[in-house]
Structure formats: C-alpha cells, structure tokens
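mind looking at a prediction? Sequence and model below.
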Amino acid sequence: MSSPSLILLLSTTLTLAVASPWHTLVNNLPSVLPALKYGDLTPPPVTGGRGGATPSSCVNGFQTYADTTWDLMGLPYTVAYTLQACINVCASSGSSCAAAVWYNGNACLQYTPAQAAGQVMTPSPNPSLPRTLITRCTSSVTTTTTPPVQGTTPAPTPTPPVVKTTTPPVQGTTSGPATSAPTGATAAPTVAPATQPPTPPTTTGPRLVFQDEFNRLDFSVWEHELTLAGDGNGCFEQYTNNRTNSYVKNGILYLKPTFTADVIGEGPMTGNPSYTLDLAALEPAMQCTGDQFWGCSRTSTPDNILNPIQSAALRTAHSFSFKYGRVEVSAKIPRGDWIWPAIWMLPRYDAYGQWPMSGEIDIMESRGNAPGYSLHGNDWFTSTLHFGPYWPQDPWQLTQGAYQIPGGKSLADDFHTYGLYWDSTGLYTYIDNDANKVLKVNWTKPTTSGNYFYDLGNFGPSLHASNPWQYGSVGSPFDQEFYLIFNVAVGTTGGYFADDGVRPWKNDQYGARDFWKNRAQWQPTWKGDDVAMQIDWVRVWQ
C-alpha cells in the first residue's frame with residue numbers, strides 16, 4: 001500500500017530433516033483427557049485413549065505422545081523438519097533435555113528437567129496446531145532398531161497439517177520453504193538417521209526466524225497504527241487500537257472495518273454539531289502514530305466529515321525486521337465494496353531517504369468488490385514494488401504483477417498462502433506454492449548507473465533526479481531490513497478505485513462525505529465478519 005511521504009527467535013542451530021522407519025505419528029485426538037502434571041514425565045495412559053496421553057513404544061530411549069497442548073512460549077526453537085530430527089536434538093543435548101515438543105512439523109523446542117516439571121498437558125479435541133511431546137522412556141524395556149544404511153531411502157514420517165484444524169487447508173498451500181529451492185536459496189537436505197548419539201549437523205539451510213499462529217494477539221510484537229491520516233492516500237478510515245477492529249478468534253486474526261458513527265454518533269461525525277477528534281493520549285501505546293495529513297486531530301464540518309470508517313493496521317516496525325528470506329502469510333481477503341486489504345513491508349531505517357527512496361514491497365493488495373469490478377475485484381490481487389528518487393516519481397507500473405484465481409472463484413472464499421522470496425539477486429511473490437509466481441524482479445542485469453532501479457525508472461538529468469542509491473548495492477533500496485504490515489483500508493481519493501460511474505464519490509475533498517452519504521449503495525455488500533481480512537498465520541525463514 002503506497003504512501004506519499006510468538007513470536008520467538010529461533011536458535012542458530014539447524015537440525016537436518018531425518019526420516020524414521022520406526023515411528024508412526026498418531027493423529028487421532030483423545031475424546032477425554034485430564035490435565036496431567038509432568039513432574040516425573042510419566043503420564044499415565046487414558047483408558048481407551050487415542051493418541052494424546054498414550055505413548056508410542058519406547059525406541060532408542062524415547063517415547064512420544066501425539067496431539068498434546070504443551071505451552072511453547074518463551075523457549076528457543078531448533079529447526080527440525082521431522083519428528084526423528086527433533087528426537088535427535090534432544091538426544092544430543094544429554095541430560096539437559098528432559099523432554100521436547102515437535103511443533104507443526106518444522107520446529108523443535110527443548111525442555112530442561114526444571115522446565116518440563118512445570119508443564120501441563122491438557123485436552124485438545126480441536127488443537128490449533130498439532131504438537132508431539134517427546135520424553136525419555138521410563139519403562140525398563142527399550143526397543144532398539146537398526147537405522148538404515150546411508151544412501152537407502154527410509155520410510156517417510158507423516159507430517160501434521162500446517163493449517164489449523166479450525167480452518168480447512170487450501171489445496172496446494174505451503175507450510176515452509178519449497179522443496180525445490182529457488183535461485184539463491186538453499187534447500188534443507190535429507191540425510192539418513194545417525195546412530196546414537198547423533199553427530200551435530202554442519203550443513204545449513206533455511207531456518208524459521210519469525211512465526212505467529214495467532215493463538216492470541218501479542219501486543220509486544222504487533223504495534224497498532226493510530227492515525228486519521230488515511231494512509232496518505234485520502235482513505236476514509238481511522239486506524240484504532242480496540243477489539244472491535246482487531247482481535248483474535250479461534251486462532252484467526254481479524255482486521256475488521258466498522259462505522260465511526262456507531263462510536264461517536266452520526267451527528268458529531270458529520271459536523272452536526274462540530275466535533276474534534278483528538279488522538280493525543282497519555283498512555284504510550286495509545287499515542288498517535290502518524291500526524292501527517294491532519295492525522296492526529298480533525299474537526300468535523302458538514303462538508304469535511306470525520307473519517308466515517310474505523311479499521312486496523314498492525315506492524316512489526318519496532319519488534320521484527322529482516323533482510324532477505326522467505327515470508328508466507330495464510331490469509332482470507334475481505335468481501336465488501338470499496339475495502340482495500342494489504343499485506344506489505346516498509347524499510348525499518350529508511351536508509352536511502354523518505355518514501356519512495358527507501359522502497360516498499362507490497363506482497364498482496366486487493367479490492368473487496370465482487371468479481372467483474374472494472375479494476376478487478378476480490379478474485380484478483382497484485383504484488384508491487386514502489387521506488388523512486390522523490391515523490392511522485394514512483395514508476396510502480398514497471399514492477400507490478402497480478403493474479404486472478406481461476407474457475408470463477410474468489411480469494412475471499414478460502415485461506416490462501418501469500419508468499420515472498422527475496423535475496424541479494426532479486427525477489428518474487430507467489431500464491432499457495434512457489435510455482436504460482438505473481439511478480440518476479442531480477443536485479444543482476446548489467447546497469448549503466450550501477451543501480452538496477454535507477455536505470456529501470458529512467459531517472460536522470462531530465463527529471464533533475466540525483467541517484468539516491470549511488471552508494472548502495474545494485475539492488476538498493478531493496479537491500480535493507482524491512483518490517484511487516486497488515487492493514488484494511490476503505491475507499492480513497494488517490495485513484496485505487498476507478499472513477500467509472502459506479503464509485504459513489506469523486507476524488508476531491510468531499511470524497512468521505514459522499515462515500516458516507518451514498519452508503520445505501522455499498523452497505524448491503526458488507527456482511528458480518530466477511531468484511532474482515534482474516535489471517536491464520538505468518539512465518540519468515542532465512
């Protein structure tokens with residue numbers, strides 16, 4: 001979204017994917033399971049239990065419990081693409097690892113004896129994400145097996161589904177790095193299991209560095225934008241921090257637009273009587289975050305009404321940013337006229353100057369209008385790079401890709417994975433899997449100025465544009481750390497919605513007034529939670 005002007009860090013240890021011929025993951029869920037304290041790590045079996053509290057056979061000193069709900073907060077991860085790899089992590093740590101949890105098929109979390117003693121396993125008839133508990137055997141009988149010889153093909157370990165059980169997985173979605181590595185990426189290799197104790201691996205590969213499954217809204221990670229500035233695009237929403245516009249329900253993050261009149265009344269909002277909305281606050285978390293374009297205080301008049309919509313924008317500007325890697329977001333876009341959802345990124349430090357000098361990466365932007373809308377509705381989305389030596393010199397049309405879901409469907413029907421792969425040679429975006437590329441930019445081609453984007457934009461003396469990237473790399477400004485943003489805007493006087501005779505406002509100072517006055521045209525398309533952008537999870541690998 002252009003503008004004119006938990007999350008757990010993982011350990012740097014990488015555990016290789018190791019398939020196991022002896023373990024079969026139990027995916028059945030227990031119907032009844034009491035809370036069990038793991039003081040001695042010997043949970044009793046539940047009568048008739050299926051998975052959950054019923055351990056696997058003791059093999060090579062370890063037993064497993066499928067579909068547990070052990071708390072995972074506050075401990076470091078190690079990447080482990082298979083259950084056996086997680087067992088090897090615990091085994092290689094000796095007595096310091098009393099138990100481990102294999103989480104969602106790619107992360108392994110270890111517990112010391114003291115940490116394990118305080119954990120509780122609780123019922124999980126509908127777990128948000130499958131987890132497998134690993135403990136050291138307490139039985140005197142241990143079954144050992146002979147690991148396969150190097151070069152043989154071990155039997156695969158079934159992998160728990162990535163998408164939460166409350167949301168059906170979309171066919172073709174990915175849960176992590178593609179098995180076929182793109183240019184510049186390193187695929188995680190698969191090796192045969194090592195004999196006990198395993199030798200720590202030396203090969204590197206992608207590791208999970210950021211993850212949120214939205215079992216709760218973590219305010220230490222996600223900062224709310226609080227402003228009336230309308231994204232700098234003349235949009236009609238006010239961004240708020242309240243649980244009407246941003247909330248987590250059943251493991252899904254909702255960013256939902258609502259009506260300002262429901263909060264302050266239609267009279268004050270429309271200047272009858274005049275009303276001043278001031279976002280000044282004593283609490284640090286509630287202070288206005290953007291004062292451009294009268295973003296921190298506005299006074300209503302009959303012609304210049306207050307922002308008629310309240311919505312949400314969340315960002316990781318102060319908690320997480322990264323340079324190069326892979327981002328995936330599982331999301332369902334909104335359905336409703338004139339809604340503008342976006343998943344995008346901005347530079348952490350603006351190393352090359354103010355927007356657009358330091359760049360912008362739009363992974364997904366769409367419109368909530370129905371399929372058939374003149375500028376494309378919710379069956380389409382675009383990915384875009386913004387760059388330029390000053391505003392309004394931003395030739396974004398040169399770096400935009402578009403995608404339409406086939407079969408007469410809508411992107412608002414189901415969750416889809418919106419992805420970005422980015423390295424020092426270029427980037428591309430995709431939907432659902434790495435093969436469905438939407439935007440692809442490669443900046444390794446020879447350049448005249450030494451910078452790909454300066455040459456691409458044909459900037460130069462005729463535009464009186466000095467090169468803001470002359471001291472950067474060939475791919476600058478996209479060689480710096482960027483942070484994540486999720487937001488739902490509504491309307492704009494900046495041209496994102498076509499002036500085709502259907503839009504109930506003009507791109508002038510009265511746009512918000514006319515949008516609200518003509519709400520009978522669009523309000524029937526806004527139905528319940530369908531107007532929200534819904535996000536199931538976000539993950540970043542490097």
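All right, it came through fine.

alpha carbons only for contacts and neighbour counts from here, please
Fine.

what sits closest to the residue nearest the centre of the chain if chain neighbours are left out?
Among the residues of the chain, residue 538 comes closest to the average C-alpha position under CA atoms, centre = their mean, at 2.6 Å. Nearest non-adjacent residue to residue 538, counting by CA to CA, 6 or more residues apart in numbering: residue 329, 4.4 Å away.

can you classify the one you found by secondary structure?
Of the three states, residue 329 takes strand under DSSP: H, G, I helix; E, B strand; the rest coil.

that one: neighbour count?
Counted with other CA atoms under 10 Å, the neighbours of residue 329 add up to 26.

with the one 5 residues further on instead?
When counting by other CA under 10 Å, one arrives at 29 neighbours for residue 334.

quick check: beta-bridge partners of the closest residue in space to residue 213 that isn't next to it in sequence?
With CA to CA, 6+ apart as the criterion, residue 213 has its nearest non-adjacent residue at 4.5 Å, and that residue is residue 537. With DSSP bridges applied, the residues forming beta bridges to residue 537 are residue 330.

same question, the one 4 residues further on
Listed by DSSP bridges, the beta-bridge partners for residue 541 are residue 208, residue 326.

average pLDDT for the lengthiest helix in the chain?
If each helix of the chain is counted by residues according to DSSP state H, the longest one is helix 83-92. Rounded to a whole number, the mean pLDDT of helix 83-92 is 78.

got it, and stretch 99-117?
The pLDDT scores in stretch 99-117 average 73.

alpha carbons only: can I get it in PDB?
Extracted C-alpha coordinates of stretch 99-117, given in PDB (Å, rounded to 0.1, in the frame of the first residue of the first chain):
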ATOM      1  CA  ALA A  99      11.600 -33.500  27.000                       C
ATOM      2  CA  ALA A 100      10.900 -31.800  23.700                       C
ATOM      3  CA  VAL A 101       7.900 -30.800  21.700                       C
ATOM      4  CA  TRP A 102       7.900 -31.200  17.900                       C
ATOM      5  CA  TYR A 103       5.800 -28.300  16.700                       C
ATOM      6  CA  ASN A 104       3.900 -28.100  13.400                       C
ATOM      7  CA  GLY A 105       6.300 -30.200  11.500                       C
ATOM      8  CA  ASN A 106       9.300 -27.900  11.500                       C
ATOM      9  CA  ALA A 107      10.300 -26.700  14.900                       C
ATOM     10  CA  CYS A 108      11.800 -28.500  18.000                       C
ATOM     11  CA  LEU A 109      11.600 -27.000  21.400                       C
ATOM     12  CA  GLN A 110      13.600 -28.500  24.300                       C
ATOM     13  CA  TYR A 111      12.800 -28.500  28.000                       C
ATOM     14  CA  THR A 112      15.300 -28.900  30.800                       C
ATOM     15  CA  PRO A 113      14.200 -31.100  33.700                       C
ATOM     16  CA  ALA A 114      13.100 -28.000  35.700                       C
ATOM     17  CA  GLN A 115      11.100 -26.500  32.800                       C
ATOM     18  CA  ALA A 116       9.400 -29.800  32.000                       C
ATOM     19  CA  ALA A 117       8.300 -30.300  35.600                       C
END
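
thinking again about what came up before, and the residue nearest to residue 213, how many residues sit next to it?
Using other CA under 10 Å, residue 537 has 21 neighbouring residues.

got a list of what residue 353 touches?
Under the criterion of CA atoms under 8 Å, 6 or more residues apart in numbering, the contact list for residue 353 reads residue 468.

cool, the one 5 residues further on as well?
The neighbours of residue 358, taking CA under 8 Å, 6+ apart as the test, are 347, 350, 351, 352, 387, 477, 478.

the fourth one and residue 272: what is the separation?
Counting by CA to CA, to the nearest Å, the gap between residue 352 and residue 272 amounts to 45 Å.

same check on residue 116?
For residue 116, the distance to residue 272 under the criterion CA to CA works out to 62 Å.

pick out whichever of these two has more residues nearby.
In this view residue 116 and residue 272 are compared by other CA under 10 Å, and residue 116 has more residues nearby, 21 against 14.

where does that one fall, secondary structure wise?
Using DSSP states H and E, residue 116 sits in helix 113-117.

now do that helix: which elements does it pack against?
For helix 113-117, the contact count by 3 or more CA pairs under 8 Å, 6 or more residues apart in numbering; DSSP states H and E identifies no helix or strand as a packing neighbour.

and residue 398, which of the three is it?
Secondary structure of residue 398, per three-state DSSP, is helix.

which ones are touching it?
Contacts for residue 398 were tallied using CA under 8 Å, 6+ apart; they are 456, 457.

redo that, cut-off 10 Å
Applying CA atoms under 10 Å, 6 or more residues apart in numbering, one finds that residue 398 lies in contact with 384, 385, 386, 441, 453, 456, 457.
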